[in-house]
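Engineer: All I have is the shape, not the residue letters:
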């Protein structure tokens, strides 16, 4: 079986990256050892004296696992873009630390899901480093999370074309929040035709499992 290492990003904020990451992690760990990594998290909060990263908390709760704070290299409190959150806190985002912790993780576990923050063009360090730079730094193929709502074609295709312009490999696309409307079916059809992306999954709103056959086909297990 090939290594499964992917960077999960989205067409924008609140498209459901953490939900999809948690769902994929839940399903894949049935068949392989796999880890999860969130390099940067803003919007963190204190609970019982511990700084909690909400995406890590969601993944842990979704999978009935213990919360593991070490899965996030940089925790920021302001609920804004990482570059601004770090400026507000006067905290330096250590890119070398992120890279070291990523390679430490894959030395212990061959398979990993790395979840980004917001969309592809989110700044990490103002005017210097963006999410797309992090994808390239970690040298990972992208799983793009898109929605099926009105406007979904535009958001997905702009993201796809931008990734392609940077020579970032798009492994596949996951359509999140599908409700079965005719316009959603057409959105998916247009995006797949125009992007020529072959690997895709359609995840319904609040879906809790992925069929084994669909999972194996997508990840070539």
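Structural biologist: Alright, I've got the coordinates. The structure presented is a predicted model; accordingly, all values stated were derived computationally and were not measured. Numbers count the residues shown, from 1 in each chain.
Engineer: quick one: the residue lying closest to residue 33 once chain neighbours are set aside from residue 154, how far?
Structural biologist: Of all residues not flanking residue 33 in the chain, residue 109 sits nearest, at 5.3 Å (C-beta to C-beta, 6 or more residues apart in numbering). Where C-beta positions appear, they are placed from N, C-alpha and C, glycine not excepted. Residue 109 sits 37 Å away from residue 154, going by C-beta to C-beta, to the nearest Å.
Engineer: And those two? Which one has more around it.
Structural biologist: Ranked by neighbour count (other C-beta atoms under 10 Å), residue 109 and residue 154 place residue 109 first, with 15 against 12.
Engineer: The more buried one contacts residue 32, correct?
Structural biologist: No. Taking C-beta atoms under 8 Å as the definition, residue 109 is not a contact partner of residue 32, at 9.1 Å.
Engineer: Which parts of the protein are strands?
Structural biologist: Ranges of strands in the chain, per DSSP state E, are 5-10, 34-41, 45-47, 50-52, 72-75, 111-119, 123-125, 129-130, 142-147, 170-178, 200-204.
Engineer: Between strand 142-147 and the last one, find me the angle.
Structural biologist: Comparing the axes of strand 200-204 and strand 142-147 via axes from the mean of the first three to the mean of the last three C-alpha atoms, to 10 degrees yields an angle of 40 degrees.
Engineer: Name the residues that touch strand 200-204?
Structural biologist: Strand 200-204 is contacted from outside by 20, 23, 148, 172-180, 188, 192, 210, 214, 218, using C-beta atoms under 8 Å, 6 or more residues apart in numbering.
Engineer: Which strands border that strand, and is each parallel or antiparallel?
Structural biologist: Strand pairing for strand 200-204, determined by DSSP bridges: strand 170-178 (parallel).
Engineer: Quick check: phi and psi on the residue nearest to residue 33?
Structural biologist: The phi/psi pair for residue 109 (degrees, to the nearest 10) reads phi -140, psi 120.
Engineer: got the contact list for it?
Structural biologist: Contacts of residue 109 by C-beta under 8 Å, 6+ apart are 33, 34, 35.
Engineer: how near is it to residue 191?
Structural biologist: Counting by C-beta to C-beta, the gap from residue 109 to residue 191 is 32 Å.
Engineer: Same question for residue 167.
Structural biologist: Using C-beta to C-beta, we find residue 167 at a distance of 20 Å from residue 191.
Engineer: These two: which has the busier surroundings?
Structural biologist: Counted by other C-beta under 10 Å, residue 167 and residue 191 do not tie: residue 191 has more neighbours, with 23 against 7.
Engineer: What sits closest to that one if chain neighbours are left out?
Structural biologist: Using C-beta to C-beta, 6+ apart, the nearest residue to residue 191 is residue 156, at 4.8 Å.
Engineer: Quick check, pLDDT for the one you found.
Structural biologist: At residue 156, the pLDDT value in this model is 97.
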